[in-house]
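Enquirer: Here's my sequence, what's the structure:
(one chain, ligands or ions: 1)
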Amino acid sequence: MSTVPSGGNRPRSAARSPALTPPADAIAPVRHPDAPAPGELLGSHYAHCFGCGDEQPHGLHLQARAGEGVSITAEFTVRPSHQGAPGLAHGGVLATALDESLGALSWLLRVVAVTGKLETDFVRPVPVDSVLFLAAEATAVSGRKIFCSATGRLGSPEGPLALRADALFVEVKVDHFIDNGRPEEIRAAMADPDQVRRARAFEVNP
Ligand SMILES: CCCCCCCCCC(=O)SCCNC(=O)CCNC(=O)[C@H](O)C(C)(C)COP(=O)(O)OP(=O)(O)OC[C@H]1O[C@@H](n2cnc3c(N)ncnc32)[C@H](O)[C@@H]1OP(=O)(O)O
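Expert: Residues are numbered from 1 along each chain as shown. This next block holds a predicted model:
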C-alpha cells in the first residue's frame, strides 16, 4: 500500500510530465536488506547539506525517518528565514524540503542518486511556524532511473495537503561528486572516513 497519501482534486498521473511516468518494463523498488528499520532516524548524508546537514547554519535541518517499504517521513518547521511573501514560505524552500525528502529514499535503496527532474505542485500556502509533514516513496525503478513521489501536509500527517511532487532520481557513482564538486569540499569529505565509507557502501548495491 502506498504510504504517500494522495490528495487534491485531480489524479496526479493526469498532469505530470511524461518523463515522470515509469516505462512499462519498470520494476518495483526493492528495500535493501540493510536499510534502517521503519521508524529509525536516517541521519544526514552530508553535514553541510542545505537540506539535512547538522553543521549547515543556513539549512533546513530536515530529519527523515525510515518508513515501510521504500518510503520515508520527515518534518519541517517553516521559520521566518524561509519566507517568500510576508508570513508565507518561499516556494523554492518548499521544493528543497521535497527534494531532500525524496533524496532520503537513497538510504532505503542504498544507491547514490541525484535529482534529474522534480515537478512540484504548490496546493496551498504554507504559513511561517507551520510544521510540514512530508512523506516520500519510491514507486518504480528502471535501470538507473528511480521514480518517486512526495507530499507535504500541514500540521499533521493527515493534515491538509499543501505540496505534492513527482521526481526522477538518477543513480550515479560516487565519482559524480568527486568529478563535479569543488576540490576544497571534496578533500574535506574524503578526509572523513565515515563519509567515504557511507558513500562507498551505497555504491555497492547487491
Ligand atoms: C550520498 C548521497 C547523496 C544524495 C544527495 C541528495 C541531495 C538531494 C537531491 C539533490 O538535490 S541532488 C542535486 C541536484 N541534481 C543534480 O545536480 C544533478 C545534475 N544532473 C546530472 O548530473 C545529470 O544530468 C544526471 C546524473 C541526472 C544524468 O546524467 P547521466 O549522463 O548520468 O545520465 P543520462 O543523461 O544518460 O540519463 C540517464 C537516464 O535518465 C534520464 N534523465 C536524466 N535526466 C533527466 C531529466 N531531467 N528528465 C527526464 N529524464 C532524465 C535520461 O533520459 C536517461 O534515460 P534512459 O536511460 O531511459 O535513456
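Enquirer: which residues of the protein score low on pLDDT?
Expert: Applying pLDDT under 70 to the chain flags residues 1-14, 197, 200-201, 204-206.
Enquirer: need the helices for it, in chain order.
Expert: 91-103, 106-109, 175-180, 183-190, 193-203 (DSSP state H).
Enquirer: Make JSON lines out of the ones you listed and add mean neighbour count.
Expert: C-betas here are computed from N, CA, C, even on glycine. Listed next are the helices of the chain as JSON lines, based on neighbours: other Cβ atoms under 10 Å:
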{"stretch": "helix 91-103", "mean neighbour count": "22"}
{"stretch": "helix 106-109", "mean neighbour count": "23"}
{"stretch": "helix 175-180", "mean neighbour count": "12"}
{"stretch": "helix 183-190", "mean neighbour count": "12"}
{"stretch": "helix 193-203", "mean neighbour count": "13"}
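Enquirer: Figure out which of those helices is closest to the ligand.
Expert: The ligand sits nearest to helix 91-103 of all the helices of the chain, at 3.2 Å, using Cβ to the nearest ligand atom.
Enquirer: Centre of the chain to the closest one, how far?
Expert: 7 Å (Cα atoms, centre = their mean, to the nearest Å).
Enquirer: what packs against it?
Expert: strand 71-77, strand 113-122, strand 131-142, strand 145-154, strand 161-171 (3 or more Cβ pairs under 8 Å, 6 or more residues apart in numbering; DSSP states H and E).
Enquirer: Now with 10 Å, please.
Expert: For helix 91-103, the packing partners by 3 or more Cβ pairs under 10 Å, 6 or more residues apart in numbering; DSSP states H and E come out as strand 63-66, strand 71-77, strand 113-122, strand 131-142, strand 145-154, strand 161-171.
Enquirer: what about the fifth one and the ligand, any contact?
Expert: Yes - using Cβ under 6 Å from any ligand atom, strand 145-154 reaches the ligand at Lys145.
Enquirer: State the paired neighbours of that strand in the sheet, together with their directions.
Expert: Looking at strand 145-154 with DSSP bridges, its partner strands are strand 131-142 (antiparallel), strand 161-171 (antiparallel).
Enquirer: List the buried residues for the last one?
Expert: Counting neighbours by 16 or more other Cβ atoms under 10 Å, one finds that the buried residues in strand 161-171 are 161-169, 171.
Enquirer: Put the alpha carbons of it into CSV.
Expert: C-alpha atoms of strand 161-171 as CSV (Å, rounded to 0.1, in the frame of the first residue of the first chain):
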residue,chain,number,x,y,z
LEU,A,161,-2.4,18.8,1.5
ALA,A,162,-0.1,21.7,0.8
LEU,A,163,2.5,20.2,-1.5
ARG,A,164,2.9,17.3,-4.0
ALA,A,165,5.9,16.3,-6.0
ASP,A,166,6.9,13.7,-8.5
ALA,A,167,10.5,13.2,-9.3
LEU,A,168,13.1,11.2,-11.3
PHE,A,169,16.3,10.5,-9.5
VAL,A,170,19.2,9.1,-11.5
GLU,A,171,21.7,6.7,-9.9
